[in-house]
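**Student:** What would the 3D arrangement of this be:
(2 chains)
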There are 2 protein chains.
Amino acid sequence: MTTRFFGARVQRVEDGALVTGAGRFTDDIKLKETLSAAFVRSPFAHARIVSIDASAAKEMPGVHLVLTAADLPAAWRDKRLPLDVPAPAIRHPLTQFPLAADEVCFCGEAVAVVVADNRALAEDAAEQVMVEYDPLPAVVDCRTALAPDGPLAQTSVADNLAAKWVNEYGDIERAFAGAAHVIAEDYFQHRGTGCPLEPRAVLAQYDRAGDSLTVWSATQAPHGIKRAIVDMFDIADTQVRVIAPDVGGGFGPKLLTYPEEIVIPHCARLIGRPVKWIEDRREHMMSTAQERDQLWSVRMALDADGRILGLRGTLLHDTGAFLPWGIIMPYISATTFPGPYVVPAYRLDTSVVFTNKISTSPMRGAGRPQAVFAVERLLDRAAQVLGLDRAEIRRRNLIPAEAMPYKVGLIYRDGQPLTYDSGDYPQCQQMALDTADWAGFEARRAKARAEGRHLGIGLANYVEGTGLGPFEGATARLLPSGRILLRTGAASQGQGHRTVLAQIAADAFGVAVDEVDVEVGDTASVSVGVGAFASRLMVNAGSAVDTSSQTLALKLRQIAAAVLDAELDDIELSGGVARVMGTQGGQISFREIAKMSSGRPGFSLPRGIEPGLEATSFFAPPQAAYSNGSHVAEVEVDPETGLVKVTRYVVAHDCGRVINPLLVDGQIQGGVAHGIGNAIMERMRYDEAGNPQTTSLADYLLPDAGNVPNVEIVHMESPSPLNPLGVKGAGEGGTIPAAAAIASAIEDALSPFGVKILDAPMLPETIAMLVKNAQAQKDAR
Amino acid sequence: MTTRFFGARVQRVEDGALVTGAGRFTDDIKLKETLSAAFVRSPFAHARIVSIDASAAKEMPGVHLVLTAADLPAAWRDKRLPLDVPAPAIRHPLTQFPLAADEVCFCGEAVAVVVADNRALAEDAAEQVMVEYDPLPAVVDCRTALAPDGPLAQTSVADNLAAKWVNEYGDIERAFAGAAHVIAEDYFQHRGTGCPLEPRAVLAQYDRAGDSLTVWSATQAPHGIKRAIVDMFDIADTQVRVIAPDVGGGFGPKLLTYPEEIVIPHCARLIGRPVKWIEDRREHMMSTAQERDQLWSVRMALDADGRILGLRGTLLHDTGAFLPWGIIMPYISATTFPGPYVVPAYRLDTSVVFTNKISTSPMRGAGRPQAVFAVERLLDRAAQVLGLDRAEIRRRNLIPAEAMPYKVGLIYRDGQPLTYDSGDYPQCQQMALDTADWAGFEARRAKARAEGRHLGIGLANYVEGTGLGPFEGATARLLPSGRILLRTGAASQGQGHRTVLAQIAADAFGVAVDEVDVEVGDTASVSVGVGAFASRLMVNAGSAVDTSSQTLALKLRQIAAAVLDAELDDIELSGGVARVMGTQGGQISFREIAKMSSGRPGFSLPRGIEPGLEATSFFAPPQAAYSNGSHVAEVEVDPETGLVKVTRYVVAHDCGRVINPLLVDGQIQGGVAHGIGNAIMERMRYDEAGNPQTTSLADYLLPDAGNVPNVEIVHMESPSPLNPLGVKGAGEGGTIPAAAAIASAIEDALSPFGVKILDAPMLPETIAMLVKNAQAQKDAR
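**Tutor:** Below you'll find the model as predicted:
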């Protein structure tokens, strides 16, 4: 196999359309006679629904349909959305209802839908749906959710404990008993939201003649929605097609199946006309899953030299009102906590609790940023206590390269022993330190201090299980035109999957990248699929594309060998033809080969070659492939206003073999921006009654170009032995350690004030208050 | 493999919907805002188009679009419909234009299309399209088409000879030089039409957002139409989907791609609304391809014992105005002529000529009925001359069973040496004779004669190349529900393919037939496909279904073995579960297996098993599989009126292994009905100017229940060694020798009058005239 494109900085094939406004997002799909939907949503975090009177709304001109739970099919009574990822540790497998019937459990939960000629009419009518609520006490803070006499987040359960389990290995008691130092701290990560540029969107079309549904959704997992529709409607697999067209960002929350993705198709089926619902930003911040809300109460045991002896503690995870993705996210948190370090003994007790807020779901990093924050903060504190350089204490604890593959001692979420497959963590940290001139920082700090500015530097490492299965499939097909078509179960939300998958196929077939068409995000393309999350697509879909392309390429060579009367080994594919190598050889174009297999009665392939110029392959990784990296952040902090400016950011990153450095750089740059938001800006606030306080981008600030430096990126490539491409995931690494590295840097910048950073995000007002309190404390002494 | 359903008389799964009127034919597909089309057709067999004025039609209310050739895309100027089956013998590869521009070459050729709110308006407007024609001399009779000074059927060619070639083997001169007897006769088979219950129909929908076309057509070959659309519109393979929904009969003509299948999608694309065209019966008889129109001038050389020494002569084939299916049909005629007999030397010179009538295409038997008619008539005449029983002369010439596989000496249309793969022709003839009580006929004749009735008996044998490639594909998939889905490139026009394919899969998976869903006739189901014609589907699609089902069934057993910790050989599939055989064994349901492969992140297949529960297989037969049979017809003829009643009909038939005798019986019964029409009823007449005279079912009589006896059918099964199922085609055998057997019987009934039957069909007026002429001749002597 030649690798003309593998590893090259190929421009994204997606961008031509996207930057000229020719993208085709769900709202761009204009079907004739399409109606618009709006939802009536609960204004209470927790309430009993006493009655609903939709009669006025129904009579409004332009209104076609108003549905409450009582109007839904009888079979849906008590039927919740499917829980795709069950687990024994789950005590109450509660997912959302399509529409709330008797009780609302978060502010924003849908209780009715209105379908009208346009969105404005639908919203006006939604306001005329009269819902009488009997408010119930709300559970808002996970830290008090398990209080014995506290309120219940759901009337259907006896307590708020959704799940509970322990992850452990080694002799944890002995580790702590014999420790020279024990560091103990509590960390809290506050809620944030995903905020993709494109909110959620659903368009459903019902074909009465064929009794079939086509649903477009701005989703990360079209196959998951299809499964849910099949399950809810109890119809055949073949009656549903779900398409994720261009999708403007996902980041995790869009991998769930939401009530709207069931209710809108149901409306389309009832009315017989297409129905569209486009989430607005306020809805997004009230009814799309969020992330964070974890309390870590943890301790680290170390010997006198600063070597970790053990990690222990508790993790309290706020899942919100439901468990749409089971316990995947806190489970990942609990197994990411040991990180890239040698941790001889370990015990973490995790409790997942219900509250009356929108559910949480995996979001870029999926619980890992929280775990990395916890372990990296503990190491910083330990360095402080032991008087070690923060890089040095890490160097003493990082797993050495010669220990690879390294078995941690835990079972990962893929059911396999948590085993890091490859990498050189100390070398990676060193690359980050060198690039960031860690050694020269004190000089920079001193210079700035002389100017009255407070600089700080921080470091954080991480290791991340990527490329999770169960699998992804791909079909490679030679089209009549001679072009290559790839169809995969993958979905894309802007990552550039079509470019990268085309690169893999282009190498296999010896053609240019733009000779390869790639279909993603359509359940009709491939029989089963999973979706785009957990940095899994290159490992899974990439490997499936590689195998199916290689299989088909071999077949093309076999055909050419038969037609050209040559040895298979002498046939090469290049520029859309199969040719005999050497000067004497003949050639046959892909187009001619396609014609031979076209089914035209006058043409046929050479005898002995099975017709059909396509190959389908599924790839199921044996376990996760572990990416790793080291981030160094430099910040300037204004102690008075608390304003933090990230002045420099270095990422040393190892995601195995890199297919397209341009795209990996983009993922890292974007991931760091996301991480900066998580570190110092994005905080979703609720009042004591559970009412969201930050429901617009005026209240909830996102990082923009002014807040994000140009990230300096260095790549290491430790190929994964677990897949044919040697790749690992790269989509989340930019985000995972960012809050930890920035927290470290802020604390470093504020070292004159003795401020401890224990929470994330750290908003200016928080930092200013911490400085003020620390000074007050100092003054009081 | 168990064969619970293979060979069983399973009821057709199709019939529930069809007999309750719930079938879904193209006209049953109701898309919103659908417009109707009507075509402006030439009233002349041959004319120059001087001018077209569509202005009045365009201004009529309710008219959306009027298109003439001048309005079509510039790229279509001089672009004819693709000729799918080229051949070196073709001198002028002329196919139809989407709309005639300068010249019309048959009466009924489309010159303009009108799209309006409904069909009535469209027809009214079509009448207002003013076309000025300059009539040209028409070529009507193929027998004079090659006259040196005669008119040309197309102004673009220098002569009317479309194609010319020779099929030969052995020393033909020596054979005739040494013959004891030479029989020489001319036979003419007159034109007939296909007359399916459902005429042609096209519905096209254009999706502007996706720039894609969906076309429903009452076709036998959706993949062929898709190829033609891709070619004409120069768009990507992925932008077109062609669906053949329920189709009410095909019989051959519906395997072609017609101008309407290009023009209607073009209209839908222009207007942006669905456009439908439903052929009416009159259009069907003027613009859908027809068959027959062959002149055989042939001689048979025999030795003194009645053994054939050689066959020679000329075949003149009238292709009509175009060559839409190349020369496939006359080529089949020319290679079928030797039949099931030992023919040591052979030479047939075939000429294909253009005339100004609608083109001919393969129709049930595809040129074979004509060839069988010729050789069987020659044998009857030889028997007369030699004073042999007609069965006896055949017995002396039939290829003996021990000679199988038997190489005829010709190259068949699949490019392979014409080699009969298996069969026992003498035994098959004997079965027919015994069933028909051939020996006891003279007693029945004598009894009838005493009552003043004229009975006759006739016999005809045939052998037929079936199951032609190039290939067909099938995918077997386990659905989440645990049901099996088959998707194939096959199309069905009422034959019951879904039943038979489901039987094959049901055996492979150990489930009931109604647990198998079968999708046929949709280009989206399978990447490439051919179509339903030439009795090819069971060999091709049947074998592909068998292989893909067996492959998937093995995978299910492998999964079950891993899950149940058992040996693969101990796992059996039965009733929707995979179980360990024996009393101790566990089991796992198909539904559970599907769940393991569903892509839900919490589930996975056992390690080492590739995800995806589907298998795709293509089958490409190495050559045709040859079915054979012997028909015996008894008739009563009224010499005065010429009315023929077929009083008894026996078929002994060998189509290899029979998957479903009920369906094969149905094919034979229907095929014989078709053959009776061809023999004594169906004749398409043209006047001297080429105007069709029989354009309604009042002029053109079809056999009905009163004309068709209950056919007595006996099966032989000589499995074909050429495919895994051992099957051969069964769809045409009922028709192929019917005209020959009935001609033989009529001649036999009229033996007192000395009438020779040389043509088909033999309509009552023809027979009455023949009797009258024969008597006049007798009287004159």
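**Student:** Which SSE is immediately downstream of the lowest-mean-pLDDT helix or strand in chain A?
**Tutor:** Ranking every helix and strand in chain A by mean pLDDT, DSSP states H and E puts helix A:537 at the bottom, with a mean of 83. The first helix or strand that comes after helix A:537 along the chain, using DSSP states H and E, is helix A:543-564.
**Student:** List the buried residues in that following helix.
**Tutor:** By 16 or more other C-beta atoms under 10 Å in any protein chain shown, the buried positions in helix A:543-564 come out as A:543-550, A:552-553, A:555-564. Using the backbone N, CA and C atoms, a C-beta is placed for each residue, glycine as well.
**Student:** which bits of the stretch 301-450 of chain A sit near chain B?
**Tutor:** The stretch 301-450 of chain A comes close to chain B at residues A:326, A:328, A:415, as judged by C-beta under 8 Å from any C-beta of the partner chain.
**Student:** how about the helices in the stretch 451-600 of chain A?
**Tutor:** A:497-509, A:537, A:543-564, A:590-596 (DSSP state H, counting those that start in this stretch).
**Student:** Comparing those by mean pLDDT, which bottoms out?
**Tutor:** Ranked by mean pLDDT, those end with helix A:537 in last place, scoring a mean of 83.
**Student:** which residues does residue A:144 contact?
**Tutor:** residue A:150 (C-beta atoms under 8 Å, 6 or more residues apart in numbering or on different chains).
**Student:** State the distance from it to residue A:318.
**Tutor:** According to C-beta to C-beta, to the nearest Å, residue A:144 and residue A:318 sit 11 Å apart.
**Student:** Repeat that for residue A:368.
**Tutor:** 17 Å.
**Student:** So residue A:121, which state does it fall into?
**Tutor:** helix (DSSP: H, G, I helix; E, B strand; the rest coil).
**Student:** Now do it against residue A:35, distance only.
**Tutor:** For residue A:121, the distance to residue A:35 - C-beta to C-beta - is 10 Å.
**Student:** And for residue A:736?
**Tutor:** Distance of residue A:736 to residue A:35, given as C-beta to C-beta: 42 Å.
**Student:** Which residue of the two possesses the greater neighbour count?
**Tutor:** Neighbour tally, residue A:736 and residue A:35, criterion other C-beta atoms under 10 Å in any protein chain shown: the higher count belongs to residue A:736, 34 against 24.
**Student:** which residues touch that one?
**Tutor:** A:365, A:368, A:369, A:372, A:462, A:464, A:629, A:671, A:675.
**Student:** So what are the sheet partners of the strand or helix carrying residue A:214 and their directions?
**Tutor:** Under the criterion of DSSP H and E, residue A:214 resides in strand A:212-217. Sheet pairing of strand A:212-217 (DSSP bridges) gives strand A:201-207 (antiparallel), strand A:240-243 (parallel).
**Student:** Export the following helix or strand past the shortest one to CSV, keeping only CA atoms.
**Tutor:** So the one you mean is strand A:240-243. The helix or strand immediately downstream of strand A:240-243 is helix A:260-271, counting by DSSP H and E. Extracted C-alpha coordinates of helix A:260-271, given in CSV (Å, rounded to 0.1, in the frame of the first residue of the first chain):
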residue,chain,number,x,y,z
GLU,A,260,-38.3,15.4,20.2
GLU,A,261,-36.8,12.7,18.0
ILE,A,262,-39.8,10.5,18.8
VAL,A,263,-42.5,13.1,19.0
ILE,A,264,-41.8,15.0,15.8
PRO,A,265,-41.9,11.7,13.7
HIS,A,266,-45.1,10.8,15.5
CYS,A,267,-46.7,14.2,14.5
ALA,A,268,-45.5,13.7,10.9
ARG,A,269,-47.1,10.3,10.8
LEU,A,270,-50.4,11.6,12.2
ILE,A,271,-50.7,14.6,9.9
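**Student:** just checking, what packs against helix A:260-271?
**Tutor:** strand A:35-41, strand A:63-68, strand A:110-116, strand A:201-207, strand A:212-217, helix A:222-233, strand A:275-278 (3 or more C-beta pairs under 8 Å, 6 or more residues apart in numbering or on different chains; DSSP states H and E).
**Student:** rerun that using 10 Å as the cut-off
**Tutor:** Secondary-structure packing of helix A:260-271 (3 or more C-beta pairs under 10 Å, 6 or more residues apart in numbering or on different chains; DSSP states H and E): strand A:35-41, strand A:63-68, strand A:110-116, strand A:201-207, strand A:212-217, helix A:222-233, strand A:240-243, strand A:275-278.
**Student:** looking at the ones you listed, which is closest to residue B:765?
**Tutor:** When the helices and strands packed on helix A:260-271 are compared by C-beta to C-beta, strand A:201-207 sits nearest residue B:765, at 52.1 Å.
**Student:** In CSV, could you pull the C-alpha coordinates for the closest one?
**Tutor:** Provided in CSV are the C-alpha atoms of strand A:201-207 (Å, rounded to 0.1, in the frame of the first residue of the first chain):
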residue,chain,number,x,y,z
ALA,A,201,-33.1,20.0,14.9
VAL,A,202,-35.5,17.4,13.7
LEU,A,203,-37.4,17.0,10.5
ALA,A,204,-39.7,14.1,9.9
GLN,A,205,-41.4,12.9,6.8
TYR,A,206,-43.9,10.1,6.7
ASP,A,207,-44.6,8.2,3.5
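**Student:** chain center to it, what's the gap?
**Tutor:** 25 Å (C-alpha atoms, centre = their mean, to the nearest Å).
**Student:** before we move on, the earlier item: now the common contact residues for residue A:144 and residue A:318.
**Tutor:** Common contact partners of residue A:144 and residue A:318 (C-beta atoms under 10 Å, 6 or more residues apart in numbering or on different chains): A:160, A:353, A:355.
**Student:** ok, now which ones touch the first one?
**Tutor:** Meaning residue A:160. A:92, A:139, A:142, A:144-147, A:150-154, A:318-319, A:351-356.
**Student:** distance of it from residue B:555?
**Tutor:** Residue A:160 is 44 Å from residue B:555, by C-beta to C-beta.
**Student:** picking that back up, include distance to residue B:604 when you put the helices of the stretch 451-600 of chain A into JSON lines, please.
**Tutor:** Output for those, formatted as JSON lines (distance: least, C-beta to C-beta, whole Å):
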{"stretch": "helix A:497-509", "distance to residue B:604": "23"}
{"stretch": "helix A:537", "distance to residue B:604": "17"}
{"stretch": "helix A:543-564", "distance to residue B:604": "15"}
{"stretch": "helix A:590-596", "distance to residue B:604": "36"}
